[in-house]
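*Asks:* below is the structure, and that's it, no one-letter string:
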């Protein structure tokens, strides 16, 4: 169980670091999607910081379980909010957000199960 947790946590952390990097460099497709749902470009840095912090928290959670649990919960809530934002903006292209949500949820479940 612990090996599965490590693998899923590594994938979730890597995915969030990648996504945060796209936010930091202001990747064109991210800007287009944010405009579709009415989120200001000024939020990009904050969103990137939250994703990067979540990724670091997941990795720290390998050694300190409570940090990993808190980070996974925060990422689950973050991506639920992202999906709601897309739905509210009538934009149904949030497939990646679902993948990120499922990775964070899997990391949370596996972290708790491995205790």
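*Replies:* Everything's here; your move. Note that this is a predicted model, so its numbers are computed, not measured.

*Asks:* distance from the lowest-mean-pLDDT helix or strand in the chain to the middle of the chain?
*Replies:* Using mean pLDDT, DSSP states H and E, helix 28-37 stands out as the lowest-scoring helix or strand of the chain, at a mean of 93. In terms of C-alpha atoms, centre = their mean, to the nearest Å, the centre of helix 28-37 is found 17 Å from the chain centre.

*Asks:* next: stretch 21-39.
*Replies:* With C-alpha atoms, centre = their mean, you get 15 Å for stretch 21-39.

*Asks:* in that stretch, what counts as buried?
*Replies:* Applying a neighbour-count criterion of 16 or more other C-beta atoms under 10 Å, one finds 22, 23, 30, 33, 34, 37, 39 buried in stretch 21-39. For every residue, glycine as well, the C-beta is placed using N, CA and C.

*Asks:* for the residues you listed, which one is nearest residue 74?
*Replies:* Residue 74 lies nearest to residue 23 out of the buried residues of stretch 21-39, by C-beta to C-beta, at 16.1 Å.

*Asks:* tell me, how many residues neighbour residue 114?
*Replies:* Residue 114 has 16 neighbours, counted by other C-beta atoms under 10 Å.

*Asks:* measure it to residue 7 for me?
*Replies:* 12 Å (C-beta to C-beta, to the nearest Å).

*Asks:* what's the neighbour count on the residue lying closest to residue 115 once chain neighbours are set aside?
*Replies:* Closest residue in space to residue 115, ignoring its immediate chain neighbours: residue 65 at 5.9 Å, by C-beta to C-beta, 6 or more residues apart in numbering. Residue 65 has 14 neighbouring residues, counting by other C-beta under 10 Å.

*Asks:* quick revisit: could the buried residues of stretch 21-39 go into TSV alongside distance to residue 57?
*Replies:* Formatted as TSV, those follow (distance: C-beta to C-beta, whole Å):
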residue	distance to residue 57
22	19
23	17
30	22
33	25
34	24
37	26
39	23
